[in-house]
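Asks: Starting from these lines, generate the structure:
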Amino acid sequence: MDITLGSDAPGYFNNENLNPFELYTELDDQTGLPKDGALKPLLNKIILSNLRGLNTFLDVRSPDKLTEFRALGTSLTYALFAEGAPLRIVHLPNTVTRLLFIQNKNLTKILKTPPVVADMIDNNLIYRDSTTYEGLYVAGLTDYDPISGSRSQGSPITEIDFEGDAMGYDSYTILNNLVLQKKATTLEERENRLRIKMTDINWTPYT
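Replies: Next up, the predicted model:
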């Protein structure tokens, strides 16, 4: 089962405001909040790409079978995923402030270039095989170039929590990119400190 409210198609965008509760199947009549387990636990994919009205956080811990979450082109602040969810594809915008992965062992690599999900070929929309965009992509972070050190590539992330060898050696690349970005900021900007928690992470590049 999938939820597709957005699209990665070239040129697509949606300016409508998205109520995050629209992702849930059942709300409490009295509070208007999602009922426990309202987000289908067997959900496999959540695609919110280019929903420009999405500017909050999302709690998607109920679907513990989730393999794909795409939200590029939004203003998502962060997403909470289920512990141990078999995530293989996670695409996040340059607005996320937290990066949290716990026992998500299928997420084994980062993408250093923007993922291309679909192409227009002879006026036909062609979706690429998922292996070409499989991995973690965070705009301004995983594609950060420490040599150029461009400030425009910076990430607003202030908290990372990796537990259980998520992304392996690439977790070091993420940490290194964030530290280098912090060094490039002004003293006033550094007051928003980086909080780091890494547990059972294997940083060796060798199997």
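
Asks: Does Ile102 touch Lys197 like I think?
Replies: No: assessed by C-beta atoms under 8 Å, Ile102 is found out of contact with Lys197, at 10.0 Å. Using the backbone N, CA and C atoms, a C-beta is placed for each residue, glycine as well.

Asks: between these two, who's got more neighbours?
Replies: The residue with more neighbours, out of Ile102 and Lys197, is Ile102; 17 against 11, by other C-beta atoms under 10 Å.

Asks: before we move on, the earlier item: identify the contacts common to Ile102 and Lys197.
Replies: Common neighbours of Ile102 and Lys197, using C-beta atoms under 8 Å, 6 or more residues apart in numbering, are 161-163.

Asks: quick one: which of these is nearest to Thr142?
Replies: Within the shared contacts of Ile102 and Lys197, proximity to Thr142 (C-beta to C-beta) peaks at Phe162, which comes in at 13.4 Å.

Asks: Shouldn't that closest one be within a helix?
Replies: No: according to DSSP: H, G, I helix; E, B strand; the rest coil, Phe162 belongs to no helix; its state is strand.

Asks: What's the separation between it and Ser171?
Replies: 5 Å (C-beta to C-beta, to the nearest Å).

Asks: Need the residues touching each of these two.
Replies: 198, 201.

Asks: Gln137 touches Pro93, doesn't it?
Replies: Just to correct that, residue 137 is Tyr rather than Gln. No: in this structure Tyr137 lies outside contact range of Pro93 using C-beta under 8 Å: 9.7 Å.

Asks: overlap in contacts of those two?
Replies: Jointly contacting Tyr137 and Pro93 under the rule C-beta under 8 Å, 6+ apart are Leu72.
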